[in-house]
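Asks: build me a structure from this.
(one chain, ligands or ions: 2)
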Amino acid sequence: MKNEPLILKVPERVLRLLPSEERRKKGPYAIFECFQQIPCNPCYTACKFGAVKELTDINELPETFYDKCVGCGACVAHCSGLAAFVIDETWSESQTVVKFAWEFLPLPQKGDVVDAVDRDGQTVTKGTVVSVVTYKDRTSVIGIAVDDAYAHIVRGMALPLTAENGVFVGEPENVVLDESIVCRCEDIDMETLKRLLDENHLTLNDLKLEARFSMGPCQGKTCTALLVRELSARLGKPAEEIRGPRHRQPLRPVKLGAFAGYKEL
Ligand code: SF4
Ligand code: SF4
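Replies: Ligands and ions are numbered 1, 2, ... in the order given. Presented below is the predicted three-dimensional model:
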């Protein structure tokens, strides 16, 4: 009952990334749902097992050498785009463990039952937390066990919305803890952002110039929305009125050869 309708929702491009059936039965493996050619390679540099193909061009998409991957999860913790996952389909007879990066506090505890969410953040089933590992940069990798049918549907979790956990209730200023990371690429926390706002850096461009927000490998993919929210609250302006940082050409990394071959018409 649980297999057919859900398996159809796994994006085709994700199905294409999966290792062979034989490999999936051997143990955990990393999967990179990374489909945009951006200059980024922490997944490669984090792997101590040589299980991520060397990115000779930093814009290349990552690839797992499934024969070398041991499912340690280091690439998950270091991925700037939250695009890396470890999947263990051998966890039990009927359950798969899905591991993903988690950057919120408080951390869940082993044994907690949480809402397991899909790529769109929609709750699709329940999961049980089976592992919580926090890395040096304070990113944690959470493993949750879900029924096998959800192995390639679930890609995260949501904690219950309670007043006790203090994370999801209240005004925005009270929600985010000072030590929460706002910009993963440049390792900038909320305390730093608040200080910059207090010092009157009240535009996205100013924040970019002062602290390198949006200048890391993800190019603002993860921090810009948070900055807009904080600026909007601080200035009392709707988010739509917060102007974006100034982008200069080229908007995407371009090989010098492309310019060398340019001919004016
Ligand atoms: S899970 Fe570990 S071994 Fe596998 S690719 Fe990631 S860092 Fe390498
Ligand atoms: S976004 Fe993640 S998976 Fe993609 S290249 Fe960067 S570190 Fe690797």
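
Asks: can you give me the helices in the protein?
Replies: Along the chain, counting by DSSP state H, helices occupy 3-7, 12-15, 21-24, 42-46, 74-78, 172-175, 190-198, 204-211, 224-235, 256-260.

Asks: just say which of these is most tucked in.
Replies: helix 74-78 (a mean of 25; mean count of other CB atoms under 10 Å). C-beta coordinates here come from the backbone N, C-alpha and C atoms, glycine included.

Asks: same for that one, what does it pack against?
Replies: Judged by 3 or more CB pairs under 8 Å, 6 or more residues apart in numbering; DSSP states H and E, helix 74-78 is in contact with strand 29-32, helix 42-46, strand 84-88, strand 95-102, strand 140-147.

Asks: ligand 2: which of those is closest?
Replies: Nearest of these to ligand 2, taken as CB to the nearest ligand atom: helix 42-46 at 3.2 Å.

Asks: what about that closest one and ligand 1, any contact?
Replies: Yes - using CB under 6 Å from any ligand atom, helix 42-46 reaches ligand 1 at Ala46.

Asks: does that helix come close to ligand 2?
Replies: Yes - counting by CB under 6 Å from any ligand atom, ligand 2 has neighbours in helix 42-46: Pro42, Cys43.

Asks: ok, back up a step: any chance of a markdown table for the helices of the chain, columns mean pLDDT?
Replies: Below are the helices of the chain laid out as a markdown table (pLDDT from 0 to 100):
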| stretch | mean pLDDT |
| --- | --- |
| helix 3-7 | 47 |
| helix 12-15 | 92 |
| helix 21-24 | 96 |
| helix 42-46 | 94 |
| helix 74-78 | 96 |
| helix 172-175 | 49 |
| helix 190-198 | 93 |
| helix 204-211 | 91 |
| helix 224-235 | 88 |
| helix 256-260 | 76 |
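
Asks: perfect, I'm done here.
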